[in-house]
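Chemist: The following block contains a protein sequence and its predicted model.
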Amino acid sequence: GESVGLHLPTLSVQEGDNSIINCAYSNSASDYFIWYKQESGKGPQFIIDIRSNMDKRQGQRVTVLLNKTVKHLSLQIAATQPGDSAVYFCAEGLSGGYNKLIFGAGTRLAVHP
Amino acid sequence: DGGITQSPKYLFRKEGQNVTLSCEQNLNHDAMYWYRQDPGQGLRLIYYSQIVNDFQKGDIAEGYSVSREKKESFPLTVTSAQKNPTAFYLCASSNPTPAGELFFGEGSRLTVL
């Protein structure tokens, strides 16, 4: 079936460095993508989203890149901080109809001082 | 403040017992969802509801039941028919179309003893 996957299950970075979390998706018809951050024992929090008519979208310290040719999504976090330590999920969805998102397994980001 | 409230946060159940998890939202969203999260896995959709008095099965609905009598409320019952109910349960809501952000509650952790 269609699925969303991640290349790296765990990513360790030094505080202040930039982080890049990658995600591959398999449904070429997906036209909406979203990144969530989940801290231990809490619900996922929205970080940033992007629609398929865009290649790049920037937020505060975060950038999402979408490469539809190779069906790849990435989340870049600039100047990573200890508070960024969490599990990050990508998800894909389809416009039209109800909002069904397919989630990947997640990547754990560990930020070291 | 607007948001989604799940209760209880922690719940213990004996085998053979049904248990109901509460989910309330004051975001005026039409759609509500229940997801299950297991360690090392992405979120899996149990049930969703696009409108009051209507709900649909997700990918792993067996052993679960829901109701949607009010727009604000979407309780999930984990029945004794669910073979492996120990998990972290997440409720979410959204405006159904176009595809967009899901707002999540803080989750309920169910442990079957």
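Modeler: Looks like it arrived, so ask away. Residues are numbered from 1 along each chain as shown, chains lettered A, B, ... in the order given.
Chemist: Nearest residue to the residue nearest the centre of chain B in space, please, no chain neighbours.
Modeler: In chain B, the residue lying closest to the centroid (C-alpha atoms, centre = their mean) is residue B:34, at 2.8 Å. Nearest non-adjacent residue to residue B:34, counting by C-beta to C-beta, 6 or more residues apart in numbering or on different chains: residue B:46, 4.3 Å away. All C-beta spots, glycine's among them, are computed from the backbone N, C-alpha and C.
Chemist: I'd guessed that neighbour sits against residue B:56; true?
Modeler: No - with contact defined as C-beta atoms under 8 Å, residue B:46 does not count as touching residue B:56 (10.6 Å).
Chemist: Those two - which one has more neighbours?
Modeler: A side-by-side neighbour count of residue B:46 and residue B:56, using other C-beta atoms under 10 Å in any protein chain shown, places residue B:46 first with 26 against 13.
Chemist: quick one: contacts for that one?
Modeler: Residue B:46 makes contact with B:34, B:35, B:36, B:58, B:59, B:60, B:61, B:64, B:66, B:76, B:89 under the criterion C-beta atoms under 8 Å, 6 or more residues apart in numbering or on different chains.
Chemist: Model confidence score at the residue nearest to the fifth one when sequence neighbours are not counted, please.
Modeler: Across the structure, with C-beta to C-beta, 6+ apart as the measure, the residue nearest residue B:59 apart from its sequence neighbours is residue B:45 (5.1 Å). For residue B:45, the pLDDT comes out at 93.
Chemist: Report the beta-bridge partner residues of residue B:45.
Modeler: residue B:35 (DSSP bridges).
Chemist: ranges for the strands of chain B?
Modeler: Residue ranges of the strands in chain B, as given by DSSP state E, are B:4-7, B:10-13, B:19-25, B:31-37, B:44-51, B:54-57, B:64-66, B:76-78, B:87-94, B:103-104, B:108-112.
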